[in-house]
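Asks: Coordinates for the following, if possible.
(chains A, B, C and D)
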There are 4 protein chains.
Amino acid sequence: MMKHFDTDYMEGAHPMVMQRLLETNLEQTPGYGADDYCLQAKALVRKACGDESVDVHFLVGGTQTNATVIDALLSRHEGVLAATTAHINVHESGAVEASGHKVLTLPSHEGKVDAGEVRAYIDGFYADDTCGHMVAPGMLYISYPTEYGTLYTKRELAGLHAVCRDANIALYIDGARMGYGLASDAADLTLPELVGLCDVCYIGGTKVGALFGECVVAHAGRLKHFFPLVKQHGALLAKGRLLGLQFATLFADGLYLRIARRAVELAVKLKEGFRKNGYPPHIDSFTNQQFFTLPNDVIDALRQTATFETWGSRGDTDTTVRFVTSWATREEDIDELLRGLSHARRSPAKRG
Amino acid sequence: MMKHFDTDYMEGAHPMVMQRLLETNLEQTPGYGADDYCLQAKALVRKACGDESVDVHFLVGGTQTNATVIDALLSRHEGVLAATTAHINVHESGAVEASGHKVLTLPSHEGKVDAGEVRAYIDGFYADDTCGHMVAPGMLYISYPTEYGTLYTKRELAGLHAVCRDANIALYIDGARMGYGLASDAADLTLPELVGLCDVCYIGGTKVGALFGECVVAHAGRLKHFFPLVKQHGALLAKGRLLGLQFATLFADGLYLRIARRAVELAVKLKEGFRKNGYPPHIDSFTNQQFFTLPNDVIDALRQTATFETWGSRGDTDTTVRFVTSWATREEDIDELLRGLSHARRSPAKRG
Amino acid sequence: MMKHFDTDYMEGAHPMVMQRLLETNLEQTPGYGADDYCLQAKALVRKACGDESVDVHFLVGGTQTNATVIDALLSRHEGVLAATTAHINVHESGAVEASGHKVLTLPSHEGKVDAGEVRAYIDGFYADDTCGHMVAPGMLYISYPTEYGTLYTKRELAGLHAVCRDANIALYIDGARMGYGLASDAADLTLPELVGLCDVCYIGGTKVGALFGECVVAHAGRLKHFFPLVKQHGALLAKGRLLGLQFATLFADGLYLRIARRAVELAVKLKEGFRKNGYPPHIDSFTNQQFFTLPNDVIDALRQTATFETWGSRGDTDTTVRFVTSWATREEDIDELLRGLSHARRSPAKRG
Amino acid sequence: MMKHFDTDYMEGAHPMVMQRLLETNLEQTPGYGADDYCLQAKALVRKACGDESVDVHFLVGGTQTNATVIDALLSRHEGVLAATTAHINVHESGAVEASGHKVLTLPSHEGKVDAGEVRAYIDGFYADDTCGHMVAPGMLYISYPTEYGTLYTKRELAGLHAVCRDANIALYIDGARMGYGLASDAADLTLPELVGLCDVCYIGGTKVGALFGECVVAHAGRLKHFFPLVKQHGALLAKGRLLGLQFATLFADGLYLRIARRAVELAVKLKEGFRKNGYPPHIDSFTNQQFFTLPNDVIDALRQTATFETWGSRGDTDTTVRFVTSWATREEDIDELLRGLSHARRSPAKRG
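Replies: The predicted model follows:
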C-alpha cells in the first residue's frame, strides 16, 4: 500500500480529539467562541504559555490566521518584514497584499532571518531621505520551525526580539508546525520562552493533531478589535466550540508536545536512514520536515510505493524533495521507506 | 435543563457525518480538495442539482464563501446589489467592502428583493448622466431562505433571473440555510430548479447537518481562477477531505433534505403553538426561523428555561425575538417551550 | 453664445492665481510640499482658521482627499457614517470601499444628517447583541454645503460634534464648496467656528478659484502617518508648490471668501428670478447650487442657450435640474438666463 | 545662487504650456476630460504614436497612474512582475499592494529586467506543483528610461514583448521620463516603435514640460472600464481640460521631444565633465539622470552651491549621488556646477 510523506495534514485528527468531538456532539453551545470549551482551552493554553495575561483566539487555518493577525498589527502605511522564502511571501496567494499590505523581504538563511540584517534594513530605511515614499517596516514575521524545518535558537530569537523592541515593531511567529519545533531535540526554547520573546504567535493545530484550527496567543492589548477583524476576514467559525474542544484536548495533559515529539523522532530516523544510504540531508533539519537532493531515478523508484513533494521544480538529473512525518506516522512506514530507498539505490527505475 | 433556540449551529454534526469522519480518520489523502471524497461529493452534488456541467467547490464558512464568490464575480468598478437586510450588508463585518466592493442596497420586503425594483435600479443607473462616477451594479445577491425565513417563489426567482440576464449580471444565492428552504411545504422550487435560475449559489452545510462547510455550485466558467482566490481569502481548508466527506454523506441518499424537513416541521409546530397562545408570527415563515413580537414579561419568563435571540434591540414593552430549530431539535423541546409559553402568558415574570 | 451652469469647475483659476503661477514658474523648489509656498500657505490657512495648532495638508482633488482622510481616520473594522445622498456614497465610484471601508448610511434631509439620528444609530449599534459582526461606526462624514446646497446651522453642527465626541468618533467635513457655504447670507458659522466643531475638514480649492487643489485642516495628531498615506493613495503632487502657491494666493487677503460671495449673490439672484417666473426652488438653497423642478418643455427651451445638469433622471413631464454659479460667473449671464426663462414660459419648445 | 539638480520636477511648466493655460483660462468646458482640448490632445498623441486605434487617457501623477493601470490590468489572483528597483516596488508607499496586488520581483540590471529571466520566472511558476497557492505573474512592469537612467534597446524590448505575448500577459511601460529616453542619442527606439512593443504605456508630462499630468496610451480594449476605475483611484481631474491643453501643447509640433533633447544634451555634458574631473559615472546613463560615486568631502563642497540627491544612504567615505537635468536646466548652470567640481577636487571641504 502507498505511504504518503507529502505533508503533515493528510490524516484527520488524533483519536482523543475525535473522541471528544463525538462525546460532545449533541451538546448545545453558543456560537463564535463564547462557549465553555473555548474558555477551558484558553485557560489551558495560558497555562502552557506560562503567562496568565495573554489573549488567546482560535481560528481555522494558517493562511487566514496570518492574514488576519498581520492586518491587525499593521497600520495602512506599514508592511511586514519576512524572509523571501516565508510562507506569506510565497504560498498564500497574496493574502497579505489582498489586505493592502506589502511583504518587505529579507535574505533567507535556510528559512531564517538574521537579526543583524533586520536591524540594518530598519536603520537603512530611516536613513533614506525618501523613506516617506516607502513602505515602513511595521512588524517582523518569522516561522518556528521555518518552511525548511530549521529552528531559531533562543539566542537568535532574543536577538530578533531586541531588534523589534528597539524599533518599536511587533514580532509575530507563525507556528503552523510549532509542536514539531518545540518537541525537537535541537530546540533550546520552551513554549513560555518563545511566547515571552514575541508579541504574537500562533500554535498550529491543523498539522499537529487537530482536525483543523490554529491558536493565536497575543500579549495583552496587542491585537485590538480582533473579533470583528476575524469576522471580516471570514475566519470566525460558527461552531467555535469545535476549536475550543480540540485545543482543550491537545493541551489538557501535554498531548500536543507528546505527539509532536513522536513525529520528530521518526523524521530524524528517516534522515539518518537516508544519510546511511549515501544521501546526506539537503538541510540538516531536526524537525518533522526532511529535505534531500536525490537522483531522479531514485525518486522515480521511491514513488512506486510512496508519495512526497518535489521542492521547487524537477531538475535534469537530481531534484530536491521533501519528506514530512506527522503525529500519525508509524515507525513501520519509515522502515518500509528506507528499505525502498536501499533497494532503489541498487536498481533504480528506468526512465520512461 | 436549558433549551437553546438561538440559532441552528449550536450542535455538532449529524451522527452519520460524525461516523464517517471517525471511520476515515486515519486514512491519508492529499490536501486542498484533491482527494477522492471531494470528487465523490462533487458528483453527488451535481446529481442532486440535476446538472452534470456545474462546478462544485467546498469552503468552510458562510462569510468567507460570500466574500470569495462576490470577489470572483465582480470587476473592481462594480458592486453587489442586495437587500438592506442582507447578511452581507449587516452581519459580515464589512467583509465585502474589505475586498474593495460596495454593497448597493435595495428595499427589503421581509428579506426579499423585488424584481421590478432591481430592474428600476439598474435602468436608473444607466439613465443617470453621472453613472460613470457611480458604482455599477455588477451582480445581485439574494438569500434562500432569507434572513427572515421567507422564501422566493419560483416565479419570483425567475423574475430576478430574467432581470439579471437582461442586464448581463450574475445572480448569486446565499443558501446558508438552503435545506430549510427547499424542505419547506411553502417551497415551490426544487434544487435543480433553483440552480437553473441562478449563476452561482451555495448549499449551506454548517447549519444543516455538517460540522462546518459550504458547497458552492457555479455554472461552468462563471467563477474564474477560483482556486487561488479561495486561498487568497484564507478559505482553503488544508484537509479538504473533511468537506468532501461531509457533503458526500449529506447528499448520498437525501439525508440533507430529510433532516432539514424535520427541522422545518418542528418550526411550524412552534409557530402554530405561539399562534394558539395568542402570538401570531411577526413574519409568516415556513422555514426553520420563527419571529414573534412578545411582551417583555413573557420573554423574561421564557428565558428561565430557554434561550433565543432578540431581533434588533429590546423595546420598552414588547420586543421581537427569533426562535430557530435545526436538524438536532427534538419534538419534546418544542413541546416544553410551548408549555412554558402557556404558563408565562398566565403568570408573567416580574421585572427586576 | 452658450452659457454653462453645469457645475463650478468649468473655468480655470482666478486670474490672481494664474498670475502667481506665471510669476514663479521658473523658480526651483523642492517637491512634495517641502517648499516655502506651502509653508506660507499653511501659515495663512492656520490664521484663517484661527488656530495655530492645526495641521494643514494639500491634496489635488476631492475624491482622493475624501478617500485618503477616511482611510487615515478609520481602523479596519470601522465604517464611515454618511447621508445616503453623500458624495462618498454615490459619486466617487466606490473609492471608500476600494480602500476597504463601508459607508454606513443615514437618512438624508436635503443632504443633511440629523444629530438625533446619528446618536440613535450609534446607540442602536452598541445595543445590538450581534454588533461584533457588524461594521462599527468609526467616524461621521458630512459636507458643508451639502450636495443639495443646504447648510448646517452652528447649532446643528454643534449637535453633531457633541454626538461624535460622546461616541469618541471623528467628525469630518467635506468642504469641496466650503467657500460658497461660508460666504452665504444663510451661514451663521465662520471658518474658525467650523474648524472648532470638527476633527478634520477640507477647504475646497478646485471649485472656488484654484486650478485644482484641496486643503485639509486637521486638529493636531488626528491624522497619523498622513504623508505616506497620501503617497499610497496617489494623492501626492510632485510639484507641491503649485498647491501651496494657489492657497497662499486665495488666503492672502480674503480672496477666497470674496470670490465665493460673489458667486452666491448671483445664485440667489438666479433663484429669485426663477421664483418670479413661477418656479419656486426645489430646495431653498442659499449657496451656489440651485435646484428647480421644471416642465420638460421649458428645460428644452432653456437648453438652446444654456447647459445645466439633470438631477437624477428625466421625468415624464417635469424634471429636476441644477444650476450652479462659480467665482467666474458674470451677472449678465444670469440676466440672459432669466430672459430665456421668461421667454420659454411663454413659448415652450416643441417636443421632438 | 543655489542651483538644484535634485530632480526634474522642481520648476513649473514650459512657458508655452503656461501661455496656453492663461489664454484659455476663462473658457467654460465640461469636466472630467469631455472637453475639446482633451479630444485634440488625444488625436495628437495618437498621431505621435503612429497608431490611430490606441486609447488615450490623462491622469494627474505617476504613482496614481501606475496604481490605476496595474489595477485595471490584473485579476485579483495576479501580481505584477517588476525589477526589485522598480519605482512601484520601492517608492510608491505600497500603492500597488494597497489595491490588493503583489509586486513579484525580478533581478535588476541597472534598473532593467532581462527577458530570459522573465521567461524563467513564468516557466518556473507554472512548473511548480504548488503554483495554485502562489501569486500568478499577470503582467510585466518596466520603466523607460529606468530609475537608473538606463534604456532598453529595441531588441531588448522586443524580447520582453515576445515573452509577455507568449505568456499572454500585458507589458506595461512606466514612462515618467519617457521624453528623456526617446530623445537620447542612445535610444534606438521611436515612440511608435515603443508603443508597438507594449500593451499599455504612459508618456510622462510632470517631468517633461507640463505642470503635471501623465498620458496613458493603451492598445484598444486593453483597459476595460477604465473611467470609473480612474475615478475610484481618485485620479480623475475635475478640470480635465488642463491635462488636454498641456498635452495638446506638448505634442502640437514636437515640443515634447525637443525640450527633452535639450535636457539630455546637458546631462551628457555634465557626465563628461565629471569624467574629465576623474569621476567616471556610476552607471553610464545617456538620459537626464546621472549617477556618480564621489568622496564625501567633494559632495559636501559641491553642496555649498548646488543641491542633489543622495542615492541610498550616505557611506563612510564615498557616497553615490544623483544629478538630474530637466527641460528648464540652463547650460550656464551645468558650467557652474563643473567649475565647482573642479574646485572641490583641489580643495575639498573640511568635515565637521
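
Asks: Shouldn't residue A:16 be within a helix?
Replies: Yes - Residue A:16 sits within a helix when classified using DSSP: H, G, I helix; E, B strand; the rest coil.

Asks: Now it. Nearest residue, chain neighbours left out?
Replies: residue A:249 (5.6 Å; Cβ to Cβ, 6 or more residues apart in numbering or on different chains). Where you see a C-beta, it was placed from the backbone N, CA and C, and this is true even at glycine.

Asks: try residue A:184
Replies: residue A:286 (4.6 Å).

Asks: again, but for residue A:40
Replies: Using Cβ to Cβ, 6+ apart and skipping the chain neighbours, the partner closest in space to residue A:40 is residue A:248 (4.8 Å).

Asks: Am I right that the one you found is in contact with residue A:35?
Replies: No - using Cβ atoms under 8 Å, residue A:248 is not in contact with residue A:35, being 10.7 Å away.

Asks: Can you list phi and psi of the residue nearest to residue A:40 for me?
Replies: Per-residue torsions, residue A:248: phi -60, psi -40 (degrees, to the nearest 10).

Asks: and what of residue A:290?
Replies: According to degrees, to the nearest 10, residue A:290 has phi -130, psi 130.

Asks: Report the beta-bridge partners for it.
Replies: According to DSSP bridges, the residues that bridge with residue A:290 are residue A:323.

Asks: How about the contacts made by it?
Replies: A:149, A:267, A:270-271, A:274, A:281, A:322-325 (Cβ atoms under 8 Å, 6 or more residues apart in numbering or on different chains).

Asks: what number of residues lie near residue A:86?
Replies: 26 (other Cβ atoms under 10 Å in any protein chain shown).

Asks: Next one: the closest residue to residue A:280 other than its chain neighbours relative to residue D:42, how far apart?
Replies: Leaving out its chain neighbours, the residue that sits closest to residue A:280 by Cβ to Cβ, 6+ apart is residue A:274, at 7.6 Å. Computed as Cβ to Cβ, to the nearest Å, the residue A:274 to residue D:42 distance reads 66 Å.

Asks: pLDDT of stretch A:287-302, averaged?
Replies: Throughout stretch A:287-302, pLDDT has a mean value of 96.

Asks: Spell out which parts of chain A neighbour chain D.
Replies: With Cβ under 8 Å from any Cβ of the partner chain as the criterion, chain A meets chain D at residues A:76-77, A:79, A:90-94, A:97-103, A:105, A:124, A:127-130, A:132-135, A:309-310, A:312-314.

Asks: Just the buried subset of those residues, please.
Replies: A:76-77, A:79, A:90-94, A:97-103, A:105, A:128, A:132-135, A:309-310 (16 or more other Cβ atoms under 10 Å in any protein chain shown).

Asks: Which secondary structure state does residue A:53 sit in?
Replies: Secondary structure assignment for residue A:53 (three-state DSSP): coil.

Asks: per-residue confidence for the residue of the stretch 251-352 of chain A found nearest chain D?
Replies: Per Cβ to the nearest Cβ, residue A:313 is where the stretch 251-352 of chain A lies closest to chain D, at 4.2 Å. Looking at residue A:313, its pLDDT is 79.

Asks: before we move on, what about residue A:351?
Replies: The model's pLDDT for residue A:351 equals 44.

Asks: Quick check: residue A:58 is in a strand.
Replies: Yes - using three-state DSSP, the assignment for residue A:58 is a strand.

Asks: now it, nearest residue through space, not along the chain?
Replies: residue A:243 (3.7 Å).
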